[in-house]
Structure formats: structure tokens, C-alpha cells
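In: Sequence first, then the predicted structure, then my questions.
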Amino acid sequence: MIEYGLLGKSLTHSFSKSIHSQIDDYDYTFIEKQEQDAKEFIKSREFKGINVTMPYKKTVVEFCDELSDTAKKIGCINTLINKNGKLCGYNTDYYGIIRMIEKSQIDIKDKKVLILGSGATSDTAREAAEYLGASKITFVSRKGNIKFDDYDKFYDSEVIINGTPVGMYPDNLKTLVDIEKFNNLHGVCDVIYNPVKTRLLIEAEKKGIKTSSGLIMLVAQAIKAAELFTGKKYDANIEDKIIENLKKNISNIVIIGMPGSGKTTIGKEISKISGKKSVDIDEIIERETGKDISQIFRDYGEEYFRQKEKEVISRIGKENNQIISTGGGSILDYENYLSLKQNSRIYYIKRPLDKLAVDGRPLSSGGINVLEKLYEQRHSLYENFADFEIDNDNIGRTSADIWREFNENFSA
């Protein structure tokens, strides 16, 4: 018999096992099943307790002998407890969504709330928004009464909650609405936790709007589920500790700056300190093209190189737990910002122009005048990309300072 676990169709990128290992000392197993096999597994009742994720949150309701009041009202569950052969269904996502909203200090009371989607998670978001006192709740979805083509009628919405998987790994950076069209927004929540920040959240943050990611919801609902599994009440501080650990472990460090400022060397040094994988964008491009950067510029031109750079950054930015060293011109494309920002903290390495290395760098060779012109073109872009700026006066000290700042920054 399985003790505890997660039932779903595809669980390759789930963080649930890591989260539950930090809550308590019990066996927690991933149970990947196609729909019919999932139903047979539930009917077998060969488990003590399980969490249920997409696409089975509504499917398993029919097998429950009892439902909590919240689960009955919402019509879906994400936690099943086997009580001596009787299956009891609960919806701990409800508590997770409330925590996600409250923890980020997004005030829903008397606000107009726009919920994206019409599935199980969106239904749960509706119930949470009602509990928190929303004055009006509107659903926009592909199949509901109000389609995404008609969301322009609700530009006066004050809070948006995305309850869909749009923008979730591996289909990162997709979004259903244009944040720029909403002028009354006080908050934006996204139940997606991978990537850490969806495009929806990144663009809301740039407008100064309060945001909350699904990572908070994921941890909060898991703790509630664990309390149902074990009958224990866990310390309130455990939520913050798990969120902080997850962010530190999955987040990337991105190094940007002028060509020759020491980005690659610093990236490799931080990798040694942190244990995170070192990834160099230019090195990947050279490996995949079979040519060094100077040859690519000479044979194909800068436009070809920038497109290749964009493709590589898009691919690498989706992944976690890396130190990513970028090329000096990576900041020229806004899409690169989105790709890098979604899972990362970005550091701008600054160094005096007369100390920049220029060998093998096609755009920075030609003397101090060329470097000065390049710097004038790019300096503001580096600043706009960066979360933190740091002078590189010593590789070891700079690397250690970045690693320290990174760890200090991540608190729940």
C-alpha cells in the first residue's frame, strides 16, 4: 500500500515531493496514471492519502464516500484520505489560494475580480474570492459564456486571477490578456508555479502592481493536505521556510554586463560556490553552430547571431537552478528579459571601460571610443534588466557578494 503521494497524468516537473519532504518524515510517491488507470487506482483504495492534480480534480469526486463542505461547494477535490476504506475528499487548493492572495497583501474586498479559466482551479478561485469579499466576479474562458475575445469589456477589473495552465512550463511566456489594457488593477495572481513568474506577473510587476505566484499556493495547500494526512498541526513558520528554500533552490542567477566585464568567469566562480550549474549563452551558441562568435558575425552578420542568441536564451531561461552568463548584447531584445526574468535574479556586472577585455569580441574591438559608444547605447538597458548592480573589482569578492545577496534576497 502507498502511504502518501500525488496522482496526476504528468508529474515530471512537480515540486510536491520536495515540499512534502520538508513538512514531515513520511513516504510521498509520484503516481502517474492515464485516466482509466487513475480511476482503477482510486477504486483500489491502496493508499492512506493522496493529493490529486490536473486533470483529475473533478474526475475523482465520484469515488468519494464523503466530501468536505468546501469540496462540495466547489465540486472538485485535490486531497483524498482513506479512513478505514472510506474515501474522504477535500479541497486544500482553496486554502492555498486564500494564502496566495493574503500573503501578498492583495485586497479583494469590494473589488471587481476577473478570473481566467473555467476549470477546477478557477472554480476554487471563485470560492476563495467570494470568501474574501469580492464585489463582482467574472469568468473569462475559451468555453464559457464570456470568451477571451470579449475580455475588453472588463478592463475595469481590479484584480486578475489566472486559473489556467497558460504560461506553464514548457509553454512559458504565453499569456491570455494584455496587462497594459487594465488601468484599475490592484493585484494579479497566477496559480502557475513553474516558471516562478509568468509573463502575466512580470508585466504586472513592471507596472507597479502587486503580484502573487502559484508557489505560495502550492506550499500552503500542501501543508493543509499534510495536516489531513497526519492529523498534526504544523508550525506557522514552516510555510515561509519551505517557500524560501524552494526559491533558493530553483531560481537562477543571471549575469549581464558589457563585453569583457568578467561575466563568464564570475558565473563559473559562483557555480563552484553554490553548486548550481554554470551555463554560458555564448558557449552554447558556439557549440551548436560549430563557429566562434567572431566567425558567426563575419559569416552571417549580427542579425543572425541575435536570433540564435534569443532562441538559446528562451530555451535556457525555462530551466532552474543555474548560473547563466549572457553575452553583452543580450539586453537588446525585450523577449530576452522575459525569458531570463521568469526564473531568475539578474545581476549587472560593472567594470571601468579601460579594464574590459576586447579579444575575440567583434563589437567592442577598436579602442576606447568604440567602447564608450557601446556603453552609452547599452547602459540604461543593463540597468532596466537588472535586479542588482555590482562592481567587478575582484572576481572572488564579486562572486561571493552576488551569492550572499542572492541568498539574502529570497525570503517568503
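Out: That came in fine, so what should we check first?
In: low pLDDT regions in the chain?
Out: 358-367, 411-412 (pLDDT under 70).
In: Give me the domain ranges for the protein.
Out: The chain breaks down by automatic domain parsing into domains covering 2-91+218-247, 95-212, 251-409.
In: Look at the last one and report the distance between its end residues.
Out: Going back to what we said before, that points to domain 251-409. 11 Å (Cα to Cα, to the nearest Å).
In: Report the distance from it to the chain centre.
Out: 21 Å (Cα atoms, centre = their mean, to the nearest Å).
In: now do the shortest one
Out: For domain 95-212, the distance from its own C-alpha centre to the chain's C-alpha centre is 15 Å (Cα atoms, centre = their mean).
In: Quick one: end-to-end length of that domain, please.
Out: Domain 95-212 has an end-to-end distance of 15 Å (criterion: Cα to Cα).
In: Strands of the stretch 51-200 of the chain, start to end?
Out: Secondary structure of the stretch 51-200 of the chain (DSSP state E, counting those that start in this stretch): strands located at 66-67, 79-83, 86-90, 112-116, 136-140, 159-162, 187-190.
In: and the nearest residue to Y304 once chain neighbours are set aside, how far is that from T326?
Out: What sits nearest to Y304 in space, not counting adjacent residues and going by Cβ to Cβ, 6 or more residues apart in numbering, is I296, at 6.9 Å. Quick note: C-beta positions are derived from backbone N, CA and C, even for glycine. Separation of I296 from T326 (Cβ to Cβ, to the nearest Å): 16 Å.
In: okay, the two: which has more neighbours?
Out: Set I296 next to T326 and count neighbours by other Cβ atoms under 10 Å: T326 wins out with 26 against 21.
In: what sits against the more buried one?
Out: V254, I255, I256, K263, I281, I313, N336, L340 (Cβ atoms under 8 Å, 6 or more residues apart in numbering).
In: ok so, going back, tell me which other helices or strands the one helix or strand the residue nearest to Y304 maps to touches.
Out: Counting by DSSP states H and E, the element that carries I296 is helix 293-300. Judged by 3 or more Cβ pairs under 8 Å, 6 or more residues apart in numbering; DSSP states H and E, the packing partners of helix 293-300 are helix 281-289, helix 302-317.
In: export the helix or strand that the last one is followed by as CSV, just CAs?
Out: Okay, so that is helix 302-317. Next helix or strand after helix 302-317 toward the C-terminus (DSSP H and E): strand 322-325. Provided in CSV are the C-alpha atoms of strand 322-325 (Å, rounded to 0.1, in the frame of the first residue of the first chain):
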residue,chain,number,x,y,z
GLN,A,322,21.5,27.6,-13.0
ILE,A,323,24.1,30.3,-13.2
ILE,A,324,23.6,31.9,-16.6
SER,A,325,26.3,34.1,-18.1
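In: can you pull the buried residues of the helix or strand just after strand 322-325?
Out: Next along the chain after strand 322-325, taking DSSP H and E as the criterion, comes helix 334-341. The neighbour-count check on helix 334-341 (16 or more other Cβ atoms under 10 Å) flags N336, Y337, L338, S339, L340, K341 as buried.
In: mind putting those residues in a markdown table, distance to M54 included?
Out: Output for the buried residues of helix 334-341, formatted as a markdown table (distance: Cβ to Cβ, whole Å):
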| residue | distance to M54 |
| --- | --- |
| N336 | 30 |
| Y337 | 29 |
| L338 | 24 |
| S339 | 25 |
| L340 | 27 |
| K341 | 26 |
